[in-house]
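Asks: turn this into a structure:
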Amino acid sequence: MLADFGFTRVTTISVRISSEEQGTASFMAPELLLPEKFGLDKGVPSNEGDFYVLGTTVYQVLTGKWPFYPTREAAVVLAVISGERPPKPDNA
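Replies: Residues are numbered from 1 along each chain as shown. Predicted structure coming up:
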């Protein structure tokens, strides 16, 4: 079973997008990080975003590292909204 962990407390990396949206930058779908780029007024959870999060979760399970590790949070946000994705693992 998977659940939305956006409201959990993370002691290492956490980003607050606005007063309504919050989450962990390495796992957030691009449209939640910068809704305006996708023609949205605000970030709204969607099926597509859920698949993005599933992909980042699977990435972490397979590699043992957070997506974009060891990149700092602000750089992760810029990378994701620019269309970058975590590198393919060497053992893939």
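Asks: CA only for contacts and neighbour counts going forward, please
Replies: Noted.
Asks: show me the strands in this structure, by range?
Replies: Assignment of strands within the chain using DSSP state E yields the ranges 15-16, 22-23.
Asks: by mean pLDDT, show me the worst of those.
Replies: Lowest mean pLDDT within the strands of the chain: strand 15-16, a mean of 48.
Asks: show me which helix runs longest in the chain.
Replies: Across the chain, the longest stretch assigned as helix under DSSP state H is helix 47-63.
Asks: mean confidence for that helix?
Replies: 89.
Asks: how about that helix as PDB, C-alpha atoms only?
Replies: The C-alpha trace of helix 47-63 is given here as PDB (Å, rounded to 0.1, in the frame of the first residue of the first chain):
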ATOM      1  CA  ASN A  47      -3.100  10.600 -11.300                       C
ATOM      2  CA  GLU A  48      -0.100  11.700 -13.400                       C
ATOM      3  CA  GLY A  49       1.600  13.200 -10.400                       C
ATOM      4  CA  ASP A  50       1.000  10.000  -8.400                       C
ATOM      5  CA  PHE A  51       2.800   8.000 -11.100                       C
ATOM      6  CA  TYR A  52       5.700  10.400 -10.900                       C
ATOM      7  CA  VAL A  53       5.900   9.900  -7.200                       C
ATOM      8  CA  LEU A  54       5.700   6.200  -7.600                       C
ATOM      9  CA  GLY A  55       8.600   6.400 -10.000                       C
ATOM     10  CA  THR A  56      10.700   8.400  -7.600                       C
ATOM     11  CA  THR A  57       9.800   5.900  -4.800                       C
ATOM     12  CA  VAL A  58      10.800   2.900  -6.900                       C
ATOM     13  CA  TYR A  59      14.000   4.700  -7.800                       C
ATOM     14  CA  GLN A  60      14.800   5.100  -4.100                       C
ATOM     15  CA  VAL A  61      14.000   1.500  -3.400                       C
ATOM     16  CA  LEU A  62      16.200   0.200  -6.200                       C
ATOM     17  CA  THR A  63      19.200   2.500  -5.700                       C
END
